[in-house]
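> the following comprises the amino acid sequence and a computationally predicted model.
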Amino acid sequence: MVERKNGNLEQVIVAPSLSELRGRQSVRATFKLSGKAIEAISIAAAHMGIKQKSLFDHLIDDVESLEGVAREMEFERFLGLRRIQKTFVLSRQTLCSLEEVSKGFDTPRDALVEYSIARLLPVIEEEKKKHEKRKKILVEIQKYLERGEEISENVEKTLGGEDVLSENLKSAVSTLRGAYDVMASFVERGKVIEQF
């Protein structure tokens, strides 16, 4: 927030309220969810490198979205699901939003959580397709890297290690190796999505 005083711009820092700080506090909550929902939240968190708590906060904290889930939910279908009890960590604010919508729409919390997590399924399916493409591209990048390393070695043998071409090519190949390692690590982490 910026405030104007005597014609000068002055920055004013607004302190968070006690209720805002409490809302961010982590709490544990137990839900009975389908195995697919539990797996989806776990896979999404692992693959995207996001904490499960952050995913819950994103999916459930927005009361408007949660109300939309409550309106579109197929309650009979939910009752037919084989469910497992599982405890998750989420923010107090997220739990309050969940309670508010649950009471307001006379809908079980478990059902709201189940259907909120279901919103991740299209994202996971899209990531699964991209993962397969990434694996193929990574093979091409590896071949490109290996060819670059081979050329770099030949240039070094031909011109010597201190030649400008040799030094620059070695540096470029080293940078590519670093980028390749990061990409390979990401693809490896993505293997968790293959079985979903």
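Sure, I can see it. Numbers count the residues shown, from 1 in each chain.
> list the buried residues in the longest helix along the chain.
Scanning the chain for the helix with the most residues, using DSSP state H, yields helix 121-159. Buried residues in helix 121-159, defined by neighbour count with 16 or more other CB atoms under 10 Å: 124, 127-128, 131, 134, 138, 141, 145, 148-149, 152, 155-156. In short, each C-beta sits where N, CA and C put it, glycine included.
> residues of stretch 31-45 that come out buried?
In stretch 31-45, counting by 16+ other CB under 10 Å, buried: F31, K32, L33, S34, A37, I38, E39, A40, I41, I43, A44, A45.
> keeping just the C-alphas, turn that stretch into PDB.
The C-alpha trace of stretch 31-45 is given here as PDB (Å, rounded to 0.1, in the frame of the first residue of the first chain):
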ATOM      1  CA  PHE A  31     -11.800 -37.300   5.500                       C
ATOM      2  CA  LYS A  32     -13.200 -40.500   4.000                       C
ATOM      3  CA  LEU A  33     -12.300 -40.400   0.300                       C
ATOM      4  CA  SER A  34     -12.000 -42.800  -2.600                       C
ATOM      5  CA  GLY A  35      -8.600 -44.400  -3.300                       C
ATOM      6  CA  LYS A  36      -8.600 -42.500  -6.600                       C
ATOM      7  CA  ALA A  37      -9.000 -39.100  -4.900                       C
ATOM      8  CA  ILE A  38      -6.200 -39.900  -2.400                       C
ATOM      9  CA  GLU A  39      -4.000 -41.000  -5.200                       C
ATOM     10  CA  ALA A  40      -4.800 -38.000  -7.300                       C
ATOM     11  CA  ILE A  41      -3.900 -35.500  -4.600                       C
ATOM     12  CA  SER A  42      -0.700 -37.400  -3.800                       C
ATOM     13  CA  ILE A  43       0.300 -37.600  -7.500                       C
ATOM     14  CA  ALA A  44      -0.500 -34.000  -8.300                       C
ATOM     15  CA  ALA A  45       1.500 -32.800  -5.300                       C
END
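> tell me the gap between stretch 89-108 and the middle of its chain.
22 Å (CA atoms, centre = their mean, to the nearest Å).
> a markdown table for the buried residues of helix 121-159, including distance to M73 and pLDDT?
A markdown table is the format used below for those (distance: CB to CB, whole Å; pLDDT from 0 to 100):
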| residue | distance to M73 | pLDDT |
| --- | --- | --- |
| I124 | 20 | 91 |
| E127 | 25 | 91 |
| K128 | 25 | 92 |
| H131 | 30 | 94 |
| R134 | 34 | 96 |
| L138 | 40 | 97 |
| I141 | 44 | 97 |
| L145 | 49 | 97 |
| G148 | 54 | 97 |
| E149 | 55 | 97 |
| S152 | 59 | 96 |
| V155 | 64 | 96 |
| E156 | 65 | 96 |
